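Q: fold the following and give me the result.
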Amino acid sequence: MANHASALKRERQSQKRRKQNRTATSSVKTAVRKAISAMAEKDGNMAQESVRAATAALNRAASKGVIPKKRASRKVSRLAKKANKALSK
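A: Predicted coordinates for the structure are as follows:
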């Protein structure tokens, strides 16, 4: 355990950020999962809404630095590609 005041503060900040990042990551995963399940059900409106929500969640997480911007972009692209393929059939 840290002994210096600055190290103790760093630990508190670290725990706080970890909690926020885990919350954001969890919400992103949930949104993506919902989008994929909506596409599997072949419900057009529901799939579009859930893909839009997942895209927003990914972009929000990337802008806050929770996940890298390029990873978010790649996931958005793949999700859109899947949605277009699922909804065109």
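Q: residues near Arg12, how many?
A: 11 (other CB atoms under 10 Å). Where you see a C-beta, it was placed from the backbone N, CA and C, and this is true even at glycine.
Q: so what's it up against?
A: Listed by CB atoms under 8 Å, 6 or more residues apart in numbering, the contact set of Arg12 is empty.
Q: now do the SS call for it.
A: Here Arg12 is helix, with the state taken from DSSP: H, G, I helix; E, B strand; the rest coil.
Q: okay, it: pLDDT?
A: Looking at Arg12, its pLDDT is 95.
Q: and the residue nearest to Lys89 when sequence neighbours are not counted, what pLDDT?
A: Nearest residue to Lys89, sequence neighbours excluded (CB to CB, 6 or more residues apart in numbering): Lys42, at 7.8 Å. If you check Lys42, the pLDDT there is 83.
Q: helix or strand: which one has Lys42?
A: Assigning secondary structure by DSSP states H and E places Lys42 outside every helix and strand.
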